[in-house]
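>>> Just need the structure, nothing else, for what follows:
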Amino acid sequence: MRIIALLAASAAIASAMLPLAGHAQSNSATNSGIQSELDTMWEKLKGSWVQTKGAIKEQWGKLTEDDLMEIQGRRDQLVGKIQVRYGISQEQAEAQVSGWEHKRKTM
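Reported below is the predicted structural model:
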């Protein structure tokens, strides 16, 4: 049931982002600003990885302690582990992580 909710949320986020895709491509300054914000956020997450692991484990319960040790605050590793553990595409895993990032950013 939780997976269905996650997939539905991911699909909603992805569909909401589609109209923005064309605009984002034409505005590279905005893209670099957003990327810079995400990079900064992930640097902070790496610094507080012990606390962050709990939030990640809560969101993606199938990730093991070994997975979390391997990830060590690296976004690309998180996406890959989610993809493997949940048997989803890279795009779906990216959408889930993007949604999680957005939620954390607004907290």
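
>>> where does this structure have its least confident helix or strand?
Of all helical and strand segments in the chain, the minimum by mean pLDDT, DSSP states H and E falls on helix 2-26, at a mean of 45.

>>> Which helix or strand lies directly C-terminal to it?
Counting by DSSP states H and E, the next helix or strand C-terminal to helix 2-26 is helix 28-47.

>>> buried stuff in that following helix?
42, 45 (16 or more other Cβ atoms under 10 Å). Backbone N, C-alpha and C define where each C-beta goes, glycine included.

>>> hmm, who's touching the helix or strand following it?
Downstream of helix 28-47, the first helix or strand assigned by DSSP H and E is helix 49-59. With Cβ atoms under 8 Å, 6 or more residues apart in numbering as the test, helix 49-59 has contacts from 6, 45, 63, 68, 71-73, 78, 100, 104.

>>> would JSON lines of these with distance to residue 87 and secondary structure be doable?
JSON lines is the format used below for those (distance: Cβ to Cβ, whole Å; DSSP: H, G, I helix; E, B strand; the rest coil):
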{"residue": "6", "distance to residue 87": "13", "secondary structure": "helix"}
{"residue": "45", "distance to residue 87": "25", "secondary structure": "helix"}
{"residue": "63", "distance to residue 87": "13", "secondary structure": "coil"}
{"residue": "68", "distance to residue 87": "19", "secondary structure": "helix"}
{"residue": "71", "distance to residue 87": "18", "secondary structure": "helix"}
{"residue": "72", "distance to residue 87": "23", "secondary structure": "coil"}
{"residue": "73", "distance to residue 87": "24", "secondary structure": "coil"}
{"residue": "78", "distance to residue 87": "16", "secondary structure": "helix"}
{"residue": "100", "distance to residue 87": "18", "secondary structure": "helix"}
{"residue": "104", "distance to residue 87": "25", "secondary structure": "helix"}
